[in-house]
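S.K.: Only the shape, not the letters, is given here:
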């Protein structure tokens, strides 16, 4: 009975992670400029990848693998948004223009 519950939870995490990854991919294709694309890739992609990692860790039924999956998820949560911010700042400082739909530029006010 526990195996079925564990498999169901892992399946739900896989579906949720795949949906988040799909939204990130659609965002990369559909969004107008570099900054909004990086937002989609870093935020939504991080959550999608983390859910997929957790699903794999839970389904393995091994504590060591689950611990590595959780560590990988925490690492993604800590590094992806920070690196996206630094890349966006570097792009802005090098002169990459905002999209036409952008209404505010907080970096240039400094």
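M.R.: Thanks, I have it. Since the structure is predicted, the reported quantities are computational estimates derived from the model, not experimental observations.
S.K.: chain center to stretch 96-109: distance?
M.R.: Counting by C-alpha atoms, centre = their mean, to the nearest Å, stretch 96-109 is centred 23 Å from the centre of its parent chain.
S.K.: Residues contacting it from elsewhere in the structure, which ones?
M.R.: The set of residues external to stretch 96-109 that reach it, using C-beta atoms under 8 Å, 6 or more residues apart in numbering, is 32-36, 89, 92-93. C-betas here are computed from N, CA, C, even on glycine.
S.K.: tell me the SS of residue 45?
M.R.: Recorded secondary structure, residue 45: helix (DSSP: H, G, I helix; E, B strand; the rest coil).
S.K.: ok, now which ones touch it?
M.R.: 20-21, 24, 80.
S.K.: hmm, try it at 7 Å
M.R.: 21, 24 (C-beta atoms under 7 Å, 6 or more residues apart in numbering).
S.K.: Identify the single longest helix in the protein, thanks.
M.R.: Identified as the longest helix of the chain according to DSSP state H is helix 63-93.
S.K.: That one - what's its average pLDDT?
M.R.: Averaged across helix 63-93, the pLDDT comes to 92.
S.K.: and what of stretch 44-52?
M.R.: Across stretch 44-52, the average pLDDT comes to 92.
S.K.: that older thread, which parts of the longest helix of the chain are buried?
M.R.: Of all the residues in helix 63-93, those buried under the rule 16 or more other C-beta atoms under 10 Å are 66, 69, 72-73, 76, 80, 84, 88, 92.
S.K.: Kindly indicate which of those residues lies nearest residue 56.
M.R.: Comparing these against residue 56 with C-beta to C-beta places residue 69 closest, at 5.9 Å.
S.K.: Next up, the contacts around the closest one.
M.R.: Counting by C-beta under 7 Å, 6+ apart, residue 69 touches 53-54, 56-57.
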